[in-house]
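In: sequence below, structure please.
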Amino acid sequence: MKVVLLAMLGLFLGALGGAALGIGAGLAWVEIAQTTSFEGYSGMLVFFTFMPLGAVIGGIGGAVLFALLALRDDAIAIEREPAGK
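Out: Numbers count the residues shown, from 1 in each chain. Have a look, this model is predicted:
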């Protein structure tokens, strides 16, 4: 259960971070490639292409990373029993 909850948390946080990085990468692409802004084309490119791709990649990466952290609980001290027991 802990693995699933941490994977869901990783999915959520990864998607948020990936979307933000996707927006940044899209804005950089628009400036570097000198994309036209005719009728908002550059904005649509950023928010309909780069942001969803960043969210998907970030969400998958975050879920996998957090799930691996939960699976390796014996090597990483996420949740430990007290030494006295």
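In: ranges for the helices of this protein?
Out: Counting by DSSP state H, the segments of the chain that form helices are 2-32, 41-45, 51-71.
In: turn those into CSV, including mean pLDDT and mean neighbour count.
Out: Where C-beta positions appear, they are placed from N, C-alpha and C, glycine not excepted. Rendered in CSV, the data for these read as follows (pLDDT from 0 to 100; neighbours: other C-beta atoms under 10 Å):
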stretch, mean pLDDT, mean neighbour count
helix 2-32, 93, 16
helix 41-45, 91, 15
helix 51-71, 92, 18
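In: distance check, the closest residue to residue 21 other than its chain neighbours against residue 14.
Out: Sequence neighbours aside, residue 54 is the residue nearest to residue 21 in space, at 5.1 Å (criterion: C-beta to C-beta, 6 or more residues apart in numbering). Using C-beta to C-beta, to the nearest Å, residue 54 is found at 10 Å from residue 14.
In: now swap in residue 65 and tell me
Out: With distances taken as C-beta to C-beta, residue 65 is found 7 Å from residue 14.
In: what of residue 30?
Out: Summarising the geometry, the distance separating residue 30 from residue 14, computed by C-beta to C-beta, is 24 Å.
In: over to residue 31?
Out: Here the distance between residue 31 and residue 14 works out to 26 Å (C-beta to C-beta).
In: who's in contact with residue 53?
Out: Contact criterion C-beta atoms under 8 Å, 6 or more residues apart in numbering gives residue 22 as the residues in contact with residue 53.
In: use 59 as the first number for this chain going forward.
Out: In the new numbering, first residue 59, that becomes residue 111.
In: look up how far residue 123 lies from it.
Out: 18 Å.
In: with residue 64 instead?
Out: Applying C-beta to C-beta, one obtains 9 Å for the distance of residue 64 from residue 123.
In: render the CA-only coordinates of stretch 64-73 in PDB, please.
Out: As requested, the backbone C-alpha atoms of stretch 64-73 are provided in PDB (Å, rounded to 0.1, in the frame of the first residue of the first chain):
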ATOM      1  CA  LEU A  64       4.200   7.000  -2.900                       C
ATOM      2  CA  ALA A  65       3.900   6.200  -6.600                       C
ATOM      3  CA  MET A  66       0.800   8.300  -6.800                       C
ATOM      4  CA  LEU A  67       2.500  11.100  -4.900                       C
ATOM      5  CA  GLY A  68       5.400  10.800  -7.400                       C
ATOM      6  CA  LEU A  69       3.000  10.900 -10.300                       C
ATOM      7  CA  PHE A  70       1.400  14.100  -9.000                       C
ATOM      8  CA  LEU A  71       4.600  15.900  -8.200                       C
ATOM      9  CA  GLY A  72       6.400  14.700 -11.300                       C
ATOM     10  CA  ALA A  73       3.500  15.900 -13.500                       C
END
